[in-house]
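> sequence first, then the predicted structure:
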Amino acid sequence: SQPASQPASQPAPGTSRGKSVSRCVGAMDPNMRMQKAVEEMLGKVDVGTLRPLRKDAFLCSAKCCDNSKTTPEQLQQCVNACQQKTSAAENLISQELEQFQQRLQRCAMTCSDKVQEKLPTDPAAQTPELINKLQAEAEACANRCVDDHLSALNKISERVVSAVKRM
């Protein structure tokens, strides 16, 4: 994450500042595309799956309070039981997103490794033209990673919805 004082259009510290403006403006930043797609997927899962679960859990929890003869411990056990399905669904979503993020990071690391292998060990051979070419290759590869992984979001959503229905 970049410091708040650094504009989003600025490259991260340690990266080249020699990118042309036209390359930065053309398409939406891959990180932004991915973030938007993840947010959209989570929004759909929230509205279509999690909210009904949460509503049922709250109604169930409210019914736990109807019995005036239960002890505080029994009341808490009842409420916890009502929340189990919602907690399980939220944990499943977290696990799926963590695995997704790991796959995306592995892909990006592979791109970086491929470019690093092409970098000459002799600093004199590391011309600005070569550096720019390798940076462009790395960016293109990272964009392919994003594109390839965007399609996986639908599968994640389907798995979560399917798993919740089986709960």
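Good, I have the coordinates.
> any regions of the protein where pLDDT drops low?
Across the chain, the stretches falling below the confidence threshold (pLDDT under 70) are 1-28.
> all helices of it, in order?
In the chain, the segments counted as helices under DSSP state H are 21-25, 30-45, 51-64, 72-118, 128-166.
> adding mean neighbour count, write these out as JSON lines.
(Each C-beta comes from the backbone N, C-alpha and C, glycine too.) Compiled in JSON lines, the helices of the chain are given as follows (neighbours: other Cβ atoms under 10 Å):
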{"stretch": "helix 21-25", "mean neighbour count": "9"}
{"stretch": "helix 30-45", "mean neighbour count": "15"}
{"stretch": "helix 51-64", "mean neighbour count": "14"}
{"stretch": "helix 72-118", "mean neighbour count": "14"}
{"stretch": "helix 128-166", "mean neighbour count": "14"}
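> does residue 134 touch residue 112 like I think?
No - at 10.3 Å, residue 134 and residue 112 do not qualify as touching, with contact defined as Cβ atoms under 8 Å.
> for stretch 94-107, C-alpha coordinates in PDB please.
Listed next in PDB are the C-alpha coordinates belonging to stretch 94-107 (Å, rounded to 0.1, in the frame of the first residue of the first chain):
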ATOM      1  CA  SER A  94     -12.100 -15.500   3.400                       C
ATOM      2  CA  GLN A  95     -10.300 -18.800   2.600                       C
ATOM      3  CA  GLU A  96     -11.300 -18.600  -1.100                       C
ATOM      4  CA  LEU A  97     -10.100 -15.000  -1.400                       C
ATOM      5  CA  GLU A  98      -6.800 -15.800   0.400                       C
ATOM      6  CA  GLN A  99      -6.200 -18.800  -2.000                       C
ATOM      7  CA  PHE A 100      -7.100 -16.600  -5.000                       C
ATOM      8  CA  GLN A 101      -4.700 -13.900  -3.900                       C
ATOM      9  CA  GLN A 102      -1.900 -16.400  -3.400                       C
ATOM     10  CA  ARG A 103      -2.500 -17.800  -6.900                       C
ATOM     11  CA  LEU A 104      -2.400 -14.200  -8.400                       C
ATOM     12  CA  GLN A 105       0.800 -13.400  -6.400                       C
ATOM     13  CA  ARG A 106       2.500 -16.600  -7.700                       C
ATOM     14  CA  CYS A 107       1.600 -15.600 -11.200                       C
END
